[in-house]
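A.B. asks: following is a predicted model, sequence given first.
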Amino acid sequence: MKKILLALFLVAAATPFFAQDCEPDPQYLDSVGVYPLPFVAGENGEPDTGGIPDTACVGIFYQTNFTIIVDTFVINGTQAVPEYLVIDDIENLPDGMTFACNPADCTYLFQEPGCASVYGIPTGDPGDYSLQISGTAYFFGGTINFPISFPDPGLAPGEYIIHVRDAGDENCGEPSAIESPAAINSVAVAPNPFTDFTQINIQAATAGTYNFAVTDLLGRTVDRQTLDVREGDNSFTFDGSDLAKGIYIYAISQGDKVTSGKLVVE
């Protein structure tokens, strides 16, 4: 079977499924703080409020966004007006997940809405991961700073929990945006993890031109190419010898449908 050295071809149609980009949610633009608010269980028949809305599933790409608006805070009973806020870390993320900010340097100016995106492919154990967003508020040109966090009993009580479940869980149906193209029956990668080279095996119901894309977990393209796929079994060699160790996302797209998976470079 003919083996073709793969690079990537990332088309615009595939980009939204793997980008960590975010935009501030318009419904929160008149608010102050980080939204959605942390989860708080309702009491005395009241409904639950806040929290991260979606379930993350092992082996499936996941993304959730936070809107961040810096304005006057009340700290220890005193109003404080920071010039800007910097997110330093999001702690206790599931294995395989990271975060990125908009603005990219995670610096949010006074009254200028921004956002942060938590994203990636969970690779660790299923469970409930309680996140802590930690940052620093700066005052008087940065000469005075104050640590700040969400959730926080004084500012925003509750919990930010990412629920990670096995891929077979009832809450883990494949999102429609990344369903396999109708012309592809299956995709297998072996070996995976790999060091230099691996084989991408595609079983196709019909021949056609497909776009094969690989990105890192920051959404950056590492290589690209279109593939001429024949009906039946196809085998392509992917060269990862120039890649740093870590997890990458491959995507095979045709039209508006994409099938995806992970590549692990050791």
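C.D. replies: Nice, thanks for sending it over.
A.B. asks: now do the contacts for Val58.
C.D. replies: Taking C-beta atoms under 8 Å, 6 or more residues apart in numbering as the criterion, Val58 is in contact with 122-124, 126, 164-167. For the C-beta atoms, the positions are set from N, CA and C on the backbone; glycine is no exception.
A.B. asks: show me the residues you listed that map onto strands.
C.D. replies: Among those, DSSP state E puts 164-165 in strands.
A.B. asks: could you dump the contacts of Val58 to CSV with pLDDT and neighbour count?
C.D. replies: Below are the contacts of Val58 laid out as CSV (pLDDT from 0 to 100; neighbours: other C-beta atoms under 10 Å):
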residue, pLDDT, neighbour count
Pro122, 89, 25
Thr123, 87, 15
Gly124, 85, 13
Pro126, 92, 17
Val164, 93, 24
Arg165, 91, 18
Asp166, 89, 13
Ala167, 80, 13
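A.B. asks: remind me which residues of this structure are low pLDDT?
C.D. replies: Counting by pLDDT under 70, the chain contains low-confidence residues at 1-21, 73-77, 173-183, 217-219, 255-258.
A.B. asks: can you list the domain ranges for it.
C.D. replies: Domains of the chain are assigned by automatic domain parsing as 5-14+174-265, 31-165.
A.B. asks: spit out the contact partners of the closest residue to Pro103 other than its chain neighbours.
C.D. replies: Nearest-residue entry for Pro103: Gly114, 5.9 Å, with adjacent residues in sequence omitted and distances by C-beta to C-beta, 6 or more residues apart in numbering. Gly114 sits next to 24, 67-69, 101-103, 108 when contact means C-beta under 8 Å, 6+ apart.
A.B. asks: could you list which of those belong to helices?
C.D. replies: Judged by DSSP state H, the contacts of Gly114 include no members of helices.
A.B. asks: quick check, nearest of the residues you listed to Ile202?
C.D. replies: Nearest to Ile202 out of these is Asn102 (C-beta to C-beta; 34.9 Å).
A.B. asks: what number of residues lie near that closest one?
C.D. replies: 19 (other C-beta atoms under 10 Å).
A.B. asks: partner residues bridging it?
C.D. replies: For Asn102, the beta-bridge partners under DSSP bridges are Cys115.
A.B. asks: I figured it was touching Glu112, is that so?
C.D. replies: No - with contact defined as C-beta atoms under 8 Å, Asn102 and Glu112 do not form a contacting pair (11.0 Å).
A.B. asks: for burial, what's the neighbour tally of Asp71?
C.D. replies: Using other C-beta under 10 Å: Asp71 sits among 12 other residues.
A.B. asks: list the contacts of it.
C.D. replies: Residues in contact with Asp71 (C-beta under 8 Å, 6+ apart) are 32, 81, 110-111.
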